[in-house]
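Participant: Pasting a predicted model and its sequence here:
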Amino acid sequence: MTHPLEIDADGEHRRAWRQALGVALATSAYGISFGALAVASGLDVWQTCVLSLVMFTGGSQFAFVGVIGAGGLAAAPAAIASASLLGVRNVAYGIRMSPVIGAGFWRRAAAAHFTIDESTAVSLAQTTSRARMVGFWVTGIGIYVGWNASTLAGALLGDVLGDPKAYGLDAAAAAAFLALLWPRLRHRQPIAVGIAAAVVATVLTPVMMPGVPVLIAALVAIVVGWFDWLGPAVPAEDNQEGLP
């Protein structure tokens, strides 16, 4: 007779696969937009593909080609600075994902390249260690393969496709994130954090260099979490283990 816990674990495992593949497909489609934009900004197809293979973090890549497109090669230092600012968040992701990945030098080295917004979000959305591992690796590897393939397609067909935003590709990844996030918005705290961070980023984006508004918006979540503002109250009798 199958134990109920085993059935739940299998269901969580399958759900992790579905979520990971869904996010990977949506995010990979956006790579066409990056490939087209990179070529339009002055990079050739080879440079565009190497950027995706090596850098592999969408926000930083778009910041890089955006600055290059606006200022040419003379803007390269500013482009690198903008991309680096956006890449700082991956350090925090790495710290959070360390217990999920586990020990082992080669495993951690491989995981470092796949530690991005999407793989972290899908992994942490799961409730079992096995499902979190599946969510991380399937999302990370799936996006890596799909993103690089679609980057090549976008670079080769950029002139034919025209403006990628006309196809809604710029909204595909955001829609996938929203679908993943929505079921977790059950309390005042995450709702307030999401709204406040969105307002901060919207206000600061027109007046600050790329990358900075994202980092400042992230501070909203850090401050709210640190002081536990609007967090659900834990009755004294339920707090047997000294939980904060």
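Facilitator: Arrived safely, thanks for sending.

Participant: Do you have the helices of the chain handy? List them.
Facilitator: With DSSP state H, the ranges of helices along the chain come out as 4-29, 31-40, 45-54, 58-71, 76-87, 89-101, 105-114, 117-124, 129-161, 169-181, 188-204, 212-227.

Participant: Same list as before, those helices that is, but in CSV and with mean pLDDT included.
Facilitator: As requested, the helices of the chain are arranged in CSV below (pLDDT from 0 to 100):
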stretch, mean pLDDT
helix 4-29, 80
helix 31-40, 83
helix 45-54, 90
helix 58-71, 68
helix 76-87, 58
helix 89-101, 81
helix 105-114, 89
helix 117-124, 88
helix 129-161, 89
helix 169-181, 55
helix 188-204, 82
helix 212-227, 73
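
Participant: count of residues packed around the closest residue to residue 138 other than its chain neighbours?
Facilitator: Leaving aside its chain neighbours, residue 138 sits nearest to residue 20 (3.7 Å; criterion: C-beta to C-beta, 6 or more residues apart in numbering). No exception for glycine: its C-beta is placed from N, CA and C like everyone else's. Applying other C-beta atoms under 10 Å, we find 27 other residues in the vicinity of residue 20.

Participant: and residue 20, what does it touch?
Facilitator: Counting by C-beta atoms under 8 Å, 6 or more residues apart in numbering, residue 20 touches 122, 134-135, 138-139, 142.

Participant: repeat for residue 207
Facilitator: Here residue 207 is in contact with no residue (C-beta under 8 Å, 6+ apart).

Participant: Residue 28 too?
Facilitator: So residue 28 contacts 142-143, 145-147, 149-150 (C-beta under 8 Å, 6+ apart).

Participant: The residue lying closest to residue 204 once chain neighbours are set aside: what's it in contact with?
Facilitator: Using C-beta to C-beta, 6+ apart and skipping the chain neighbours, the partner closest in space to residue 204 is residue 213 (3.9 Å). Residue 213 sits next to 200-201, 204-205 when contact means C-beta under 8 Å, 6+ apart.

Participant: Distance-wise, check residue 213 relative to residue 94.
Facilitator: Residue 213 sits at a distance of 22 Å from residue 94 (criterion: C-beta to C-beta, to the nearest Å).

Participant: From the contacts of residue 213, list the buried ones, please.
Facilitator: 200-201 (16 or more other C-beta atoms under 10 Å).

Participant: out of the contacts of residue 213, which one sits closest to residue 230?
Facilitator: Set against residue 230, the nearest of the contacts of residue 213 by C-beta to C-beta is residue 200 (16.4 Å).

Participant: tally of neighbours for residue 14?
Facilitator: 12.

Participant: Over to residue 230?
Facilitator: Residue 230, neighbours per other C-beta under 10 Å, totals 13.

Participant: didn't it look like it was pressed against residue 195?
Facilitator: No. Residue 230 sits out of contact with residue 195 when judged by C-beta atoms under 8 Å, with a separation of 11.3 Å.
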